[in-house]
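Colleague: okay, sequence plus prediction incoming.
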Amino acid sequence: MSKKFSDLGINQELQQSLVDLKISVPTDVQEKTIPLILNETKDIVALAKTGTGKTAAFGLPLLQLIDIENPVVQAIILAPTRELGQQIHSNLVSFATHSPSISIVPLFGGIPIKPQIESLKNTAHVLVATPGRLVDLIKRNEINVKSLQYLVLDEADEMVSALKEDLDTIIAEIPKKRRTLLFTATMPGTIKQLVQNYMSKHVIQVEADMATMGHQGIEHEYVVVKPIEKLEVLLHFLNSKEGERGIIFCKTKAAVNKLAKNLAINKFSSGAIHGSLTQGIRDRIMGQFREGYIDILVATDLAARGIDVKEISYVVNYHLPDAYDTYVHRSGRTARAGAKGFSLTILQKEEVEEIANFEKELGIVFKEFKKADAQSIEDNNTLLWAKKIFKTKPNRAIPEQLKQKVRTIFHHLTKEELIEKILATHLAQTNIGNPKKEDSKKK
């Protein structure tokens, strides 16, 4: 029989917020972690895949443990990116709807620091922060963390690799007598080192939803392409997913920009995020993606942290990731909250042998995705061409006299006849300089 949040020790106020949010049954990580945070005093390392409810696993018990009579900072939750931090802050605020005395303050980079300094002059029980902005505030002496009781490191595997210097500074400033709660989807050597360096010797380790880590509800497939056909194969795949939402991962910012430009040229509903974009642009693109105004997000790995959108039906690895844990994080953007998902990796011939290593390391099975044949690709390119015409805005600068002359030429044609002639012209032009196509037609 499934447990309830009341069975885990969650109080009435928080339970009421969960009812409002239509959350009734705890996930595996919540069931295993919440009682430990509430009833134990030891540090905790929780290994759980993305999309399994980790925020509630630490957020609910932390909110319950806050002493509202004490106006000092009692808990800090660190996230590697502003996007993830915003997601955590939003969730905590919704959990605390019926606990209005708890103050939860967001502290992120990329936005003006002065309003954040002002907010810290009032009571702040819980801080949700990115490491860089928290370090900045500590160095300015605008924040007192000497009474801290709880430190949460979420997505710690990404944080310790990219933000280690800031993390070291923070840990040096906070009390040694504190509880550290570390949540991660993978356990690379850097995390093990962090546990040894900064957590107590007697750490409680929790593993949740890990028996099927990386493939719970996700189909993993790969397709082998030549470099020259990589983009066309991707465009064919994306056209087959029209109306669905997905994320395409690239290794570099330059690759993100180049691919995003190609998607825009081909009139796909898309946007791009990476670390070099201003926070305002990243927020705008993320908002458009969350609210369904764009269907495709092209992103680097770090920039995509914190994307918790339930309706992401597929993920594309446009470049094979360098690390196994990166693949886990990428594919974990889909199949959120029990939904089904699809992860497609686009490979070149020399990369195929890597698939066996990913299968062995992650305990998953890849199937080979059937690549579109040459005719299907050609047909798809024609459809993309038609879509470009359909979505092209009229040129108001064209003289009316010229437009009238063109209308006169076409006025005897029906709509169907005009489409056929335009299509024939397009196909004839695309076949110019392609002797193989011409030869096949002669045969």
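Modeller: Nice, thanks for sending it over. Keep in mind that what you see is a predicted model, and the values were worked out from it rather than measured.

Colleague: switch to C-alpha atoms for all contacts and neighbour counts from now on
Modeller: OK.

Colleague: for K253, see how far away I273 is.
Modeller: According to CA to CA, to the nearest Å, I273 stands 8 Å off from K253.

Colleague: tell me the domain ranges of the chain?
Modeller: When the chain is parsed with automatic domain parsing, its domains come out as 12-208, 218-374, 393-442.

Colleague: out of these, which is closest to K4?
Modeller: Checking these against K4 by CA to CA gives domain 12-208 as the closest, at 5.7 Å.

Colleague: now tabulate the domains of the chain in JSON lines and tack on mean pLDDT, mean neighbour count and distance to L383.
Modeller: Formatted as JSON lines, those follow (pLDDT from 0 to 100; neighbours: other CA atoms under 10 Å; distance: least, CA to CA, whole Å):
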{"stretch": "domain 12-208", "mean pLDDT": "89", "mean neighbour count": "18", "distance to L383": "35"}
{"stretch": "domain 218-374", "mean pLDDT": "87", "mean neighbour count": "18", "distance to L383": "9"}
{"stretch": "domain 393-442", "mean pLDDT": "80", "mean neighbour count": "10", "distance to L383": "10"}
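
Colleague: those domains: which one's closest to L384?
Modeller: Smallest distance to L384 across the domains of the chain (CA to CA): 6.2 Å, for domain 218-374.

Colleague: can you give me the strands for the stretch 101-250 of the chain?
Modeller: 104-107, 126-129, 150-154, 179-184, 203-208, 218-224, 245-249 (DSSP state E, counting those that start in this stretch).

Colleague: isn't G9 up against T33?
Modeller: No. Using CA atoms under 8 Å, G9 is not in contact with T33; the gap is 11.3 Å.

Colleague: for the domains of the chain, which one sits closest to T382?
Modeller: domain 393-442 (7.9 Å).

Colleague: among the domains of the chain, which is nearest W385?
Modeller: domain 218-374 (7.6 Å).

Colleague: before we move on, the earlier item: can you put the domains of the chain in CSV and add distance to N380?
Modeller: Converted to CSV, the domains of the chain look like this (distance: least, CA to CA, whole Å):
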stretch, distance to N380
domain 12-208, 34
domain 218-374, 6
domain 393-442, 12
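
Colleague: ok, which of the ones you listed comes nearest N381?
Modeller: Using CA to CA, the nearest of the domains of the chain to N381 is domain 218-374, at 7.8 Å.

Colleague: end-to-end on the closest one?
Modeller: 28 Å.

Colleague: and what of stretch 386-406?
Modeller: OK, stretch 386-406 end separation, CA to CA: 20 Å.

Colleague: and that stretch, how far out from the chain middle?
Modeller: A distance of 39 Å separates the centroid of the chain from that of stretch 386-406, by CA atoms, centre = their mean, to the nearest Å.

Colleague: which other residues reach that stretch?
Modeller: 265-267 (CA atoms under 8 Å, 6 or more residues apart in numbering).

Colleague: closest to A356 out of those?
Modeller: Once CA to CA is applied, the member of the contacts of stretch 386-406 that ends up nearest A356 is N266, at 34.3 Å.

Colleague: that closest one is in contact with L384, isn't it?
Modeller: Yes. Counting by CA under 8 Å, L384 is a contact partner of N266 at 6.2 Å.

Colleague: how about the host helix or strand of V45 as CSV, C-alpha atoms only?
Modeller: Using DSSP states H and E, V45 sits within strand 43-48. Presented in CSV, the C-alpha positions along strand 43-48 are these (Å, rounded to 0.1, in the frame of the first residue of the first chain):
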residue,chain,number,x,y,z
ASP,A,43,24.4,14.3,6.7
ILE,A,44,22.7,12.7,3.8
VAL,A,45,23.8,11.8,0.2
ALA,A,46,20.7,11.1,-1.9
LEU,A,47,21.3,9.5,-5.4
ALA,A,48,18.2,9.9,-7.5
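
Colleague: now do the SS call for F5.
Modeller: coil (DSSP: H, G, I helix; E, B strand; the rest coil).

Colleague: neighbours of it, how many?
Modeller: When neighbours are defined as other CA atoms under 10 Å, F5 has 23 of them.

Colleague: how near is the closest residue in space to it that isn't next to it in sequence to I285?
Modeller: Distances taken as CA to CA, 6 or more residues apart in numbering place P26 nearest to F5, at 6.3 Å, with adjacent residues excluded. Counting by CA to CA, the gap from P26 to I285 is 32 Å.

Colleague: repeat for V309
Modeller: Applying CA to CA to V309 and I285 gives a distance of 14 Å.
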